[in-house]
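*Asks:* all I have is the shape, not the residue letters:
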Ligand SMILES: [Zn+2]
C-alpha cells in the first residue's frame with residue numbers, strides 16, 4: 001500500500017533534493033530524487049509528478065525553467081502550479097485592448113497566449 005505524504009513533508013523532501021543536486025534537467029529526475037528523500041521518512045510514501053511540480057513551483061527556492069510549445073487551447077489557470085493567472089494586455093493598432101500573455105501570481109510563470117509548457121528544468125535559487 002502506498003501512503004501520501006503531507007505538503008510539508010514533500011516541501012522538505014524537495015528542499016533536500018535541491019540542496020544535494022542544485023538542479024534537475026527534467027521533472028522526472030526531480031521527482032525521482034524527491035521520492036528518495038520521502039522514502040527516508042516512510043518507505044511506503046509516493047508522490048505524483050503533478051504534485052511534485054506544483055509544490056516545487058510554489059516553493060520560493062526554485063527557479064523553474066519552462067520550454068514551451070504552441071497550443072490553441074484556452075488557458076484558465078497556471079499550467080505549472082494551478083495558480084491564478086493575471087492577463088498581460090497590450091493596445092492593438094486599432095486601439096483595442098488585447099490579451100497577449102499571462103503571468104502567474106503564485107509561481108511567476110509567464111507565457112504568451114498560445115503557449116503551453118512542454119518541458120521543465122529546476123534550479124536551486126537559494
Ligand atoms: Zn503558477
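*Replies:* Alright, I've got the coordinates. Just so it is clear, the structure is predicted and the values come from calculations on it, not from any experiment.

*Asks:* interface residues of this protein facing the ion?
*Replies:* Contact residues of the chain with respect to the ion, defined by C-beta under 5 Å from the ion, are listed as 78, 80-81, 83, 104, 106-107, 109. (C-beta placed from N, C-alpha, C; glycine too.)

*Asks:* distance of the residue lying farthest from the centre of the chain from the ion?
*Replies:* In terms of distance from the mean C-alpha position of the chain, residue 94 ranks first, at 36.2 Å (C-alpha atoms, centre = their mean). Going from residue 94 to the ion by C-beta to the ion, to the nearest Å gives 32 Å.

*Asks:* what sits closest to residue 110 if chain neighbours are left out?
*Replies:* With sequence-adjacent residues excluded and distances taken as C-beta to C-beta, 6 or more residues apart in numbering, residue 110 is closest to residue 103, at 4.7 Å.

*Asks:* who does the helix or strand hosting the one you found touch, helix- and strand-wise?
*Replies:* Using DSSP states H and E, residue 103 sits within strand 97-104. Using 3 or more C-beta pairs under 8 Å, 6 or more residues apart in numbering; DSSP states H and E as the contact definition, the elements that strand 97-104 packs against are strand 85-91, strand 110-112.

*Asks:* run through who's touching the shortest one.
*Replies:* Contact with strand 110-112 is made by 66, 68, 75, 79, 88, 100-104, 117, as judged by C-beta atoms under 8 Å, 6 or more residues apart in numbering.

*Asks:* list of residues touching the strand holding residue 103?
*Replies:* For strand 97-104, with C-beta under 8 Å, 6+ apart as the criterion, the contacting residues are 75, 78, 80-81, 83-92, 109-113.
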